[in-house]
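> I would like the atomic coordinates for the input below:
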Amino acid sequence: MQALTQSLKYRQWVAALAQNGTTLHHLEERFTYRKPNGEVLFALIEAQATSAEGNPLLPLLLLRGRFVMAVVELVLTTSGERFLVLVAQHRLATGGLFYSHPAGMADSEADLKKVVVKEVWEETGLSITPDQVAPLALGPYYTSDGILDEAGEFFLVSLPITPEALEDLQGRRTGAPDEPEFIHLHIVTPAQALGLIRNVAGHLCTYLYLEHRRA
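Next up, the predicted model:
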């Protein structure tokens, strides 16, 4: 069973505090949820801390850590037309079907490109290498800094594909074998992706991709 203080996400959080001149005076671990392998998934922390200016900070933090999200771009070998791979699955937030780019938490891996490789394989079945993963922007970007330390890093994976292979991907069922993931793939144009995605991180990732392509 991994102790909270041994987890990568806790150590990264403490390092960020120090980098920004924040002093941590006291900490209480209110609740910690762990993965089946014992690794810390998230934790609710109550802390007494002061900023570099000596002002007290709000005391509650939901420690979640870093996540990655990657636009998987498929470029047709015949025409050069570009498509994006979205993963679709039902989420407990509403029970409804959500579309997004492949994504996942960097729970114990500091090399984010390796996390992208793992998530792309688990969620799409596409095998890539770290050198095929390119950053879309200089992160991290925080999702809700009032109570969450969760922050995203966004990447691009661009792959050539034949029309036959593209058709084979459409609707493919995927998901990590050791997790309750029931995913199917949706191959769309960038414009269609904007209409389907309903989460902020997914929209940001798409806009960063479109800006990258316009540059």
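> okay, and the helix or strand of this protein with the least pLDDT?
Every helix and strand of the chain was ranked by mean pLDDT, DSSP states H and E. The lowest is strand 173-174, at a mean of 88.
> could you list every helix and strand in contact with the helix or strand that that one is followed by?
Secondary structure here is assigned by DSSP states H and E; on that basis, the next helix or strand after strand 173-174 toward the C-terminus is strand 183-188. Under the contact criterion of 3 or more C-beta pairs under 8 Å, 6 or more residues apart in numbering; DSSP states H and E, strand 183-188 touches strand 82-90, helix 163-169, strand 173-174. No exception for glycine: its C-beta is placed from N, CA and C like everyone else's.
> immediately after the helix or strand containing residue 134, which helix or strand?
Counting by DSSP H and E, the secondary-structure element that holds residue 134 is strand 133-135. Tracing the chain past strand 133-135, the next element assigned as helix or strand by DSSP H and E is strand 141-142.
> who does that following strand pair with, and is each partner parallel or antiparallel?
Taking DSSP bridges as the criterion, strand 141-142 pairs within the sheet with strand 151-161 (antiparallel).
> what's the angle from the strand it pairs with to strand 82-90?
Here strand 151-161 runs at 130 degrees with respect to strand 82-90, directions being taken by axes from the mean of the first three to the mean of the last three C-alpha atoms, to 10 degrees.
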